[in-house]
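Student: no sequence on hand, only this structure:
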């Protein structure tokens, strides 16, 4: 990837010292105070509060200017009125701050292009990257968090290997909830807002070399002129899967995008076709985004899309087959040789009553050994690219060990395994058997099918 246009972004995402501008001496619910308190109490960074009036906050010194801070500052987090931001940027440049996150709104999104251009020009000339303005900023699990949302209210996924970039802070926070519910871990979450300086292309370049990131996902509202084409071309060159959820698909949506972050939505049909042509996965909604991220964080791209389904319920198998057909996945009838191999491997109690043509219906009398045997046989079948396991954990023959045992089949055979298990706390141990072994689990049949579809869509062009 061409990195000549990219900034040095380490200070944005791995700071050791942070200055928070706008901290109030009398309002602990001010966004700057929320950010300062979280960093002070929850994260391994040294944080300094800044307010022109100086003073103290719970016996800690509040600095009247960043120049008074007796240390190098990696990152400035700015949560003040927009009119104050240009002066703060200049002070940060003089202090040789590594980067900034501008939480403040009131720039191009409300017509103040002059104010936004002013801070962009100064920061670009000084080589100081910033995220925003009009954003939540950055959440890096275990490292730091600039979101001005109280920590006790924010649902945070565990550390993982998916980087999530969003123009909308609200959409990003919503996705964090869904990621946490589905057990998808994050390497980084970035709300870029107006993306006045650091943009998708810069983040692609950074994340391409980030060893903690395996999948890069974007919520995009719009691009500058010709930027969409550049983004697609750059993403296609990466050896990591890229997933895109695009807003502004309709005329009304385009108007909403413009008023939100002052972006140009562009021609959605052209952009969508370009994504598909270059092997970049497009998520049509936030639920597809979660399923795609979990799947591609576990498995590489490149399957043809021929699915072998294993179930203990004929109804579930039929629903999964319909769901596969809707997205273009095939559920081929298995060869007679494969069917015979599967049937001969089953326990005597179900050998003569199981259906093995595909879907494979093991019936409610199946035990763990039957699931393992069927999965192993399908994993060896040349006519199948992936195995879709529909587990009903209330089936009497299923034990809490089934997740770990089926994961071992994947580890041994190497054919992608995707599982549906209802996400109920009672079944947590079973689900963990999959998750601890990097096998994706969905709470719905449609979600599990989408996980398989993600691998098919992500084929290299």
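Tutor: It's in. Nothing here was measured: the structure is a model prediction, and the numbers come from that model. Residues are numbered from 1 along each chain as shown.

Student: ok, residue 269 - how many residues close by?
Tutor: Counted by other C-beta atoms under 10 Å, the residues lying close to residue 269 total 9. Using the backbone N, CA and C atoms, a C-beta is placed for each residue, glycine as well.

Student: shouldn't it be within a strand?
Tutor: No - judged by DSSP: H, G, I helix; E, B strand; the rest coil, residue 269 forms no part of a strand; its state is helix.

Student: distance of it relative to residue 247?
Tutor: Summarising the geometry, the distance separating residue 269 from residue 247, computed by C-beta to C-beta, to the nearest Å, is 14 Å.

Student: and the helices in the stretch 101-250 of the chain?
Tutor: All helices of the stretch 101-250 of the chain, identified by DSSP state H, counting those that start in this stretch, fall at 113-126, 169-182, 200-208, 227-236.

Student: could you tell me the angle between the shortest one and helix 227-236?
Tutor: For helix 200-208 against helix 227-236, the angle between stretch directions is 10 degrees (axes from the mean of the first three to the mean of the last three C-alpha atoms, to 10 degrees).

Student: list the helices and strands helix 200-208 packs on?
Tutor: Secondary-structure packing of helix 200-208 (3 or more C-beta pairs under 8 Å, 6 or more residues apart in numbering; DSSP states H and E): strand 159-166, strand 215-220, helix 227-236.

Student: what do you get for the last one?
Tutor: Contact partners of helix 227-236 among helices and strands, from 3+ C-beta pairs under 8 Å, 6+ apart: helix 200-208, helix 268-277.

Student: weakest of those by average pLDDT?
Tutor: Set side by side, the helices and strands packed on helix 227-236 give their lowest mean pLDDT on helix 268-277, at a mean of 90.

Student: now that helix: buried residues?
Tutor: The neighbour-count criterion (16 or more other C-beta atoms under 10 Å) identifies 268, 271, 274-275 as the buried residues of helix 268-277.

Student: residues contacting it, please?
Tutor: Contacts with helix 268-277, where a contact means C-beta atoms under 8 Å, 6 or more residues apart in numbering, come from 228-229, 232, 244, 246, 248-250, 281-282, 457, 461.

Student: filter those down to the buried ones.
Tutor: 228, 232, 244, 246, 248, 281-282, 457.

Student: what strand or helix carries the nearest residue to residue 446 once chain neighbours are set aside?
Tutor: Closest residue in space to residue 446, ignoring its immediate chain neighbours: residue 323 at 5.3 Å, by C-beta to C-beta, 6 or more residues apart in numbering. Assessed by DSSP states H and E, residue 323 sits inside helix 314-327.

Student: which outside residues touch that helix?
Tutor: Among residues not part of helix 314-327, those counted as contacts by C-beta under 8 Å, 6+ apart are 307, 309, 311, 330-331, 355, 359-361, 388, 390, 392, 420, 445-446, 448-450, 452-453.

Student: cutoff 6 Å now
Tutor: Contact with helix 314-327 is made by 307, 309, 311, 331, 359, 361, 390, 445-446, 449, 453, as judged by C-beta atoms under 6 Å, 6 or more residues apart in numbering.

Student: same question for stretch 402-414.
Tutor: By C-beta under 6 Å, 6+ apart, the residues outside stretch 402-414 that reach it are 368, 372, 375-376, 379, 417, 430, 433-434, 437, 439.

Student: turn these into a markdown table, columns for distance to residue 213.
Tutor: Written out in a markdown table, the entries for these read as follows (distance: C-beta to C-beta, whole Å):
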| residue | distance to residue 213 |
| --- | --- |
| 368 | 35 |
| 372 | 33 |
| 375 | 30 |
| 376 | 33 |
| 379 | 28 |
| 417 | 23 |
| 430 | 29 |
| 433 | 26 |
| 434 | 22 |
| 437 | 21 |
| 439 | 20 |
